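Asker: Have a look; sequence and predicted model below, questions after that.
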Amino acid sequence: MSTGTDSPTAFRLNGANGHAAPPRRSSDDWVALRTFHLYRCAVAAALFGLFATGFHDNVFDLRWPGLFGLICIVYLLHCLPCAVAIGRRWLNVTLLTQAFVGADIAAVAGLFLSTAGVQEGLGVLLIAPIAATGLLLSRRLAAFNAAAASMAVLVSEFMRHLLQQTDAEYLQAGLLGMLFFLVSLTAFALASRSRAHAALAEERKGELDDLSALNERIIQQVQVGLMVLDNESRVRMLNQAARKMLGIGPDALDSRLMSSSPQLAWALEAWKLSPTLPPEPMGTGPRLILPKFSRLGSGEHSPVLVFLEDARRAGEQAQQMKLASLGRLTASIAHEIRNPLSAISHAGQLLEESEHLDDADRRMLNIVHRHTRRIDDIIKGILGLSRRGDTVALHLNLSEWLPAVVEDYAQGKRGALAIDFSAIPADFSVLMDPNHLQQILYNLWDNADRHARMDDRELRIEMVAGTEDDTDYLIVADNGPGIRGAAASSVMEPFYTTRNDGTGLGLYIVQGLCECNNVSLDLVPPGEGLPKAGAQFRLLFLAPGESVPQPELTDMPAPSQ
């Protein structure tokens, strides 16, 4: 026997016999059972009141008044513990409903015996209990109680005929029994449909909750800042990117926008006054943010959806797209130039073998050879940039991987050179393509070798690694004059160089290789990073899923190389 609240189970058919199983129980079933019992208490109180005041003789044709009074008293006393059972939920809904209906059938059958029978109209007192069985019990139990009530009415009529020696109203009793079945099945059909609709609504609610959770997760993961404001400019929703851009915490939710971000609040008011004007970037924290506003409805009081974009990143992405297109075009041009360049170089070599060249001619040939080699280096750099291949990222322990790389690099260099990587922790590892990392370091070291040597003194390159704000970094610094002035804003651009024999592609290739490996490359401003160092380049190894930010170089000083 189960006690307490019925466990919720889905409404289902009972397999083999096709009978409906007991319906799913909820708090609504207890409310219905409590309402049904209030009806029973009202009926019991009314019958007892008629008996106690003596008005029962004027209402009913009593044959056995003593039996009538006993049934009224017992029925009323029976309702009191039933109310306690409902309040304490001693039994489940099915057992309590069955007990109540059984008592009602017995009481009404006794009232039939004590009065003139079915013609007194007392059978209508069983309509509500039979309807309750259809609402709260299974189809089998509902039909069983309807049959039990019908049999009780027929038996009471038969007993009254035997004991009172009066005519039995079997036709009326049969019609009343048919009414019981009709009420029972109708109530069960309505309850079943109601439960089916409730189950469907619950299922749809679960699906909507899942979709809402999915939308919330997607919104929190997107890189664009999103915010929803109500008609009073209160923040109803904002994602992680918006909090990061605006520099506000989770407590900004449900607060007024003016208290969280006054600049954005002023931009919102300006947009409300002139929705057609293009938004202007605003400075909030370390970023330049471009807000865009859109209403989520047609009314003036509809919520406002705010898009927050990093204005610098948007411009840099547009610039990168332009540079990528230019790079593809340049690679095609370089490929077309290579064949005539080879012909010019070969012709120069043949001309150099001539015995009739004077010193002036030989100087001209040297100029031809020098510039053909330079053009060839540029073409190799461009074609190499467009053929970087696939990235195969591996976990590299730099303290174990670097010694062989440094040794290979130093063997091909002339002049005093020292590369110090002792400041890199022994357990420092990065996720990157080893070939790309080697090419990046070679280019950075070559850049230092070309620009940082002064007065033939020893070139020192220092490498430092660590973790800051959960992001691993690697700094490559030399002991040269550094990069200062306006050159800092152009040092990463293609074909920018301060040497006559330079190609201007070294750092541009390094930046492209870094982006392939989700690594950010920037130039450390003077006064930051390592003390007493010249040019310092910092590699930030971003976590998977993070975008590579472009460095902000416009205000940096630049080199005197």
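Answerer: Thanks, I have it. Numbers count the residues shown, from 1 in each chain.
Asker: tell me the mean pLDDT for stretch 318-338?
Answerer: Computed over stretch 318-338, the mean pLDDT rounds to 71.
Asker: next one: stretch 157-177
Answerer: Mean per-residue pLDDT for stretch 157-177: 73.
Asker: Can you get me the start-to-end distance on that stretch?
Answerer: In stretch 157-177, first residue to last residue: 12 Å (CA to CA, to the nearest Å).
Asker: residue ranges with poor pLDDT in the stretch 201-350 of the chain?
Answerer: By pLDDT under 70, the low-scoring segments of the stretch 201-350 of the chain are 284-287, 312-317, 319-320, 322-323, 326-327, 330.
Asker: which residues of it fall in strands?
Answerer: Here the stretch 201-350 of the chain has its strands, by DSSP state E, counting those that start in this stretch, at 225-229, 235-238, 282-284, 287-295, 304-310.
Asker: ditto for the chain
Answerer: Ranges of strands within the chain are 225-229, 235-238, 282-284, 287-295, 304-310, 394-397, 417-420, 429-432, 459-468, 471-478, 519-523, 536-541, based on DSSP state E.
Asker: mind checking which of these is nearest Leu47?
Answerer: Ranking those by distance to Leu47, with CB to CB as the measure, places strand 235-238 first at 58.3 Å. C-beta: built from backbone N, CA, C; applies to glycine.
Asker: Now that closest one: buried residues?
Answerer: Within strand 235-238, the residues that count as buried by 16 or more other CB atoms under 10 Å are Val235, Met237, Leu238.
Asker: dump the residue contacts of the second one.
Answerer: So the one you mean is Met237. Residues near Met237 by CB atoms under 8 Å, 6 or more residues apart in numbering: Ile219, Leu226, Met227, Val228, Leu253.
Asker: Val304: neighbouring residues, count only.
Answerer: Residues contacting Val304 under the criterion other CB atoms under 10 Å number 20.
Asker: Kindly state the beta-bridge partners for it.
Answerer: Beta-bridge partners for Val304, by DSSP bridges, are Leu229, Arg295.
Asker: Ok, the one 4 residues further on next?
Answerer: Applying DSSP bridges to Leu308 yields these beta-bridge partners: Gly225, Pro291.
Asker: Tell me how far it lies from Val235.
Answerer: Distance, Leu308 to Val235, using CB to CB, to the nearest Å: 12 Å.
Asker: roughly how far is stretch 471-487 from the heart of the chain?
Answerer: 40 Å (CA atoms, centre = their mean, to the nearest Å).
Asker: what's the closest non-adjacent residue to Ser255?
Answerer: Residue nearest to Ser255 in three dimensions, not counting chain neighbours: Val235, with 5.9 Å by CB to CB, 6 or more residues apart in numbering.
Asker: Break this protein down into its structural domains.
Answerer: As given by automatic domain parsing, the domain ranges for the chain are 15-202, 223-310, 315-386, 394-541.
Asker: Generate CSV for these, with distance to Ser212 as supplementary columns.
Answerer: Shown next, in CSV, are these (distance: least, CB to CB, whole Å):
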stretch, distance to Ser212
domain 15-202, 15
domain 223-310, 11
domain 315-386, 31
domain 394-541, 30
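Asker: ok, back up a step: can you tell me which of the buried residues of strand 235-238 is closest to Leu190?
Answerer: Closest approach to Leu190 among the buried residues of strand 235-238 (CB to CB): Met237, at 40.9 Å.
Asker: Next, the buried residues of stretch 441-457.
Answerer: So for stretch 441-457, counting by 16+ other CB under 10 Å, buried means Leu441, Tyr442, Asn443, Leu444, Trp445, Asn447, Ala448, Asp449, Arg450, His451, Ala452, Arg453.
Asker: ok, so what distance separates the residue lying closest to Val93 once chain neighbours are set aside from Glu202?
Answerer: Leaving aside its chain neighbours, Val93 sits nearest to Asp29 (4.9 Å; criterion: CB to CB, 6+ apart). Note on Asp29: its distance to Glu202, by CB to CB, is 15 Å.
Asker: shared neighbours of Leu308 and Val235, which are they?
Answerer: Met227.
Asker: What's the separation between the residue nearest to Val93 and Arg256?
Answerer: Counting by CB to CB, the gap from Asp29 to Arg256 is 45 Å.
Asker: any chance of the strands of the chain in TSV, plus distance to Pro340?
Answerer: Formatted as TSV, these follow (distance: least, CB to CB, whole Å):
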stretch	distance to Pro340
strand 225-229	52
strand 235-238	59
strand 282-284	51
strand 287-295	46
strand 304-310	44
strand 394-397	41
strand 417-420	38
strand 429-432	38
strand 459-468	38
strand 471-478	38
strand 519-523	35
strand 536-541	36
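Asker: of the ones you listed, which approaches Arg88 most closely?
Answerer: strand 235-238 (43.6 Å).
Asker: Run me through the strand neighbours of the closest one, direction for each.
Answerer: By DSSP bridges, strand 235-238 pairs with strand 225-229 (antiparallel).
Asker: Val406 against Ile419, yeah?
Answerer: Yes. Counting by CB atoms under 8 Å, Ile419 is a contact partner of Val406 at 4.9 Å.
Asker: quick one: common contacting residues for these two?
Answerer: Counting by CB under 8 Å, 6+ apart, Val406 and Ile419 have no shared contacts at all.
Asker: Can you list the residue ranges for helices in the stretch 1-150 of the chain?
Answerer: 27-53, 56-59, 65-88, 93-114, 127-136, 139-164 (DSSP state H, counting those that start in this stretch).
Asker: separation between Ile440 and Phe537?
Answerer: Noted for Ile440: a distance of 9 Å to Phe537, by CB to CB.
Asker: repeat for Gly134
Answerer: As judged by CB to CB, Gly134 and Phe537 stand 81 Å apart.
Asker: same deal with Val93?
Answerer: According to CB to CB, Val93 stands 75 Å off from Phe537.
Asker: I figured the residue nearest to Val93 hits Leu96, correct?
Answerer: No. At 10.2 Å, Asp29 does not count as touching Leu96 under the criterion of CB under 8 Å.
Asker: residue ranges for the helices of the stretch 201-350 of the chain, please.
Answerer: Listed in chain order, the helices of the stretch 201-350 of the chain (DSSP H, counting those that start in this stretch) span 240-246, 257-260, 262-273, 311-352.
Asker: for the ones you listed, which one sits closest to Ser184?
Answerer: For Ser184, the closest of the helices of the stretch 201-350 of the chain is helix 240-246, at 57.8 Å, according to CB to CB.
Asker: contacting residues around Pro175?
Answerer: Just to correct that, residue 175 is Leu rather than Pro. Neighbouring residues of Leu175 by CB under 8 Å, 6+ apart: there are none.
Asker: got it, and Thr97?
Answerer: Shown in contact with Thr97 (CB under 8 Å, 6+ apart): Leu33, Phe36, Ala132, Thr133, Leu136, Leu137.
Asker: Quick check: closest non-adjacent residue to the second one.
Answerer: By that I understand Phe36. In space, and not counting its chain neighbours, Phe36 is closest to Ala132: 4.6 Å by CB to CB, 6+ apart.
Asker: distance of Thr186 from Phe100?
Answerer: Thr186 is 20 Å from Phe100, by CB to CB.
Asker: next one: Ile219
Answerer: Separation of Ile219 from Phe100 (CB to CB) stands at 52 Å.
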